[in-house]
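Visitor: Model the following, please.
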Amino acid sequence: MREYFFRYEEDKKIKIEVNFDLDDVKEYNPWLLSIFIKFDALNEKAEGFEEFLETKETLIIALGHNQRAHYVGSRIVDGWSELYFYSYDSKRLDSVVKEILAPSEYIYESNIVRDTKWEFYESELFPTELEIANIESFKTIAMLEEEGDCIEISREVEHYLSFLTPTQKERFLESVEHLGFHYKDEIASDTFEHGVAVVKKHSLVEEDVLNNVKLLFQAVKKAGGFYEGWSTVLVDE
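Guide: Next up, the predicted model:
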C-alpha cells in the first residue's frame with residue numbers, strides 16, 4: 001500500500017511516497033538502491049509528467065522482477081525525483097537501471113549502499129504520527145471533493161481526541177479555547193478511555209486543514225493524549 005504526504009525541511013517542501021507493506025521483507029533485503037532522476041514531479045501538469053510516471057513504474061516492475069528489489073518509496077525535492085528500493089543483494093541492479101534510463105533523455109544517477117537496519121527508510125520515508133494524521137486528512141479531503149464538496153467554503157469541522165484521564169482532557173480543552181476550538185461532546189474511543197470532540201469553523205483547503213490538525217496535535221501531545229482524526233458535513237457550492 002502506497003501513501004503520500006508532505007514534509008518541510010529547511011523551508012523545502014518535500015513530497016514523500018511511502019510503501020507500508022514491507023514488514024515481511026525487511027530482514028532479508030539489506031541493500032539500499034537510490035535512483036535520482038532530474039524531473040520535478042511535484043507539478044502534475046508539467047510537460048512529460050505522464051511519461052515520467054510510466055518510467056517510474058517500469059523501473060519498479062523491472063527491479064522487482066522475481067522479488068529482486070522492493071520499491072519502498074520516493075521523495076521529490078529540489079527538482080529531483082528520488083526512488084528507493086531495498087534488495088537481498090547488490091548484483092545487476094545498476095545494469096537494470098541503466099537499461100531503462102540510459103536510452104531516455106533524463107539526467108540520472110544511482111548508488112547502492114548496505115543498510116541492514118533500514119535506517120534510511122525509517123528516518124527519511126516513514127511518516128511521523130502527525131504525518132500519518134495528515135495522510136488521513138488527504139484521503140478525507142479527496143473523498144469529499146469526489147462527492148462534489150466545495151472545500152473552499154468554511155464549515156464546522158469536528159476533531160476527535162482521547163486521553164487516559166479526565167484531568168488530561170480538561171487541561172487540553174482549556175489550552176485550545178484561544179485557538180478557536182470549542183468542546184462539543186464526549187466520544188467513545190478505542191485508543192484511550194476519555195474521548196472528546198471539539199469543533200472549529202474552517203475550510204477544507206489542504207493548508208487550512210493541516211494547520212488546524214497541527215495545532216491540535218501539538219496541544220494533545222502536550223496534554224498526554226491522542227489525536228483521532230476529524231469529520232465534517234458535505235457542502236455544495
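Visitor: where does this structure have low pLDDT?
Guide: Regions of the chain meeting the criterion pLDDT under 70 cover residues 237.
Visitor: Follow the chain on from the helix or strand hosting residue 85 and name the next helix or strand.
Guide: Taking DSSP states H and E as the definition, residue 85 sits inside strand 80-87. Next in sequence after strand 80-87, counting helices and strands by DSSP H and E, comes helix 93-101.
Visitor: Let me know the angle separating that following helix from strand 80-87.
Guide: 140 degrees (axes from the mean of the first three to the mean of the last three C-alpha atoms, to 10 degrees).
Visitor: for helix 93-101, packing partners?
Guide: With contacts taken as 3 or more C-beta pairs under 8 Å, 6 or more residues apart in numbering; DSSP states H and E, helix 93-101 sits against strand 31-37, helix 49-63, strand 108-114. Where you see a C-beta, it was placed from the backbone N, CA and C, and this is true even at glycine.
Visitor: Let me see the ranges of the helices in this protein.
Guide: Shown for the chain, the helices assigned by DSSP state H span residues 49-63, 93-101, 119-120, 129-146, 166-176, 206-223.
Visitor: could I get those as CSV with mean neighbour count and distance to residue 9?
Guide: Formatted as CSV, those follow (neighbours: other C-beta atoms under 10 Å; distance: least, C-beta to C-beta, whole Å):
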stretch, mean neighbour count, distance to residue 9
helix 49-63, 15, 23
helix 93-101, 16, 26
helix 119-120, 14, 15
helix 129-146, 15, 12
helix 166-176, 17, 27
helix 206-223, 17, 15
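Visitor: Could you dump those into TSV with distance to residue 20 added?
Guide: Formatted as TSV, the helices of the chain follow (distance: least, C-beta to C-beta, whole Å):
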stretch	distance to residue 20
helix 49-63	15
helix 93-101	23
helix 119-120	16
helix 129-146	10
helix 166-176	29
helix 206-223	20
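Visitor: Tell me which of those sits nearest to residue 81.
Guide: Residue 81 lies closest, by C-beta to C-beta, to one member of those: helix 49-63, at 7.1 Å.
Visitor: Can you name every helix or strand that the closest one contacts?
Guide: strand 31-37, strand 69-77, strand 80-87, helix 93-101.
Visitor: can I get these in CSV with distance to residue 146?
Guide: What follows is those, written out as CSV (distance: least, C-beta to C-beta, whole Å):
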stretch, distance to residue 146
strand 31-37, 30
strand 69-77, 24
strand 80-87, 27
helix 93-101, 34
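Visitor: Compare those and give me the one nearest residue 139.
Guide: strand 69-77 (17.6 Å).
Visitor: So which elements touch the closest one?
Guide: Using 3+ C-beta pairs under 8 Å, 6+ apart: strand 69-77 touches strand 12-19, helix 49-63, strand 80-87.
Visitor: how does it look with 10 Å?
Guide: strand 2-9, strand 12-19, strand 31-37, helix 49-63, strand 80-87, helix 93-101 (3 or more C-beta pairs under 10 Å, 6 or more residues apart in numbering; DSSP states H and E).
Visitor: Remind me what the second one packs against, helices and strands.
Guide: To tie it back to what came earlier, the one meant is strand 12-19. Checked by 3+ C-beta pairs under 10 Å, 6+ apart, strand 12-19 has strand 2-9, strand 69-77, strand 80-87, helix 129-146 packed alongside it.
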